[in-house]
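*Asks:* Coordinates only, no sequence provided:
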């Protein structure tokens, strides 16, 4: 493993049913990606229990109606319960939590390095090819005047290039460096592609971590739509911690 890959891997830790990113934790941001241990987050009772365990019980939780696109909504302009057709949130409100679902797709956290604004995004192959990582970064400037040079990002657990076999039509939408060929098949590294796109959008390479855990391989830990073909989801969430 290269030193850069080691840094990416070390940035993520697992405990109490959540995967968390060390920089966000040090910043005091309540966040995580849930695992199978906490159950299917499409279940409202299990979702509420996970939020309680994360210390966010009773906090209004905003979850969009995900459409595998590139729309990003500021929570400040949304009403609780609306569930707009979008695949990401940005916000500065201290009294809410934001979340997206994932099961193989990329859960992406982006934040201003001092915590002035937070965001969480869902990006599958369609959203990534359409530019969700770049759109997510640009939303901070559009809505809050925060340039990409002030942003950090973390790509959470997702299907890895070990398992993500794709056809030539899908592979052709991505950078050659994000696609490998072995045993006659094409395999896509969505995490690497997202990092490339975030850096292209203006983030420093060292500001972007990519979790190396594969949702498809690690069946005891994660749900995987590719593996199970079932409507079970993890949830990536973030919120300002108490006292922020």
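*Replies:* All right, it came through fine. Worth saying up front: this structure is predicted, and the values here are computed from it rather than measured.
*Asks:* Could you say which helix or strand holds the residue most central in space within the chain?
*Replies:* Nearest residue to the geometric centre of the chain (C-alpha atoms, centre = their mean): residue 107, 1.7 Å. Assigned by DSSP states H and E, residue 107 belongs to strand 106-112.
*Asks:* Next, residue 30: secondary structure please.
*Replies:* strand (DSSP: H, G, I helix; E, B strand; the rest coil).
*Asks:* ok, it to residue 218 distance?
*Replies:* 24 Å (C-beta to C-beta, to the nearest Å). The C-beta positions use only the backbone N, C-alpha and C, and glycine is treated the same way.
*Asks:* Could you check which of these two is surrounded by more residues?
*Replies:* residue 30 (21 against 15; other C-beta atoms under 10 Å).
*Asks:* Quick check: that one touching residue 118?
*Replies:* No - look at residue 30 against residue 118 with C-beta atoms under 8 Å: they stay out of range, at 10.0 Å.
*Asks:* Okay, now the unreliable bits of this protein?
*Replies:* 1-10, 242-244 (pLDDT under 70).
*Asks:* quick one, helices of it?
*Replies:* Under the criterion DSSP state H, the chain contains helices at 3-10, 22-26, 44-53, 125-130, 132-144, 168-171, 190-200, 225-228.
*Asks:* Of the ones you listed, which is nearest residue 154?
*Replies:* Comparing the helices of the chain against residue 154 with C-beta to C-beta, the closest turns out to be helix 22-26 (6.6 Å).
*Asks:* That closest one: how far from the chain's middle?
*Replies:* 15 Å (C-alpha atoms, centre = their mean, to the nearest Å).
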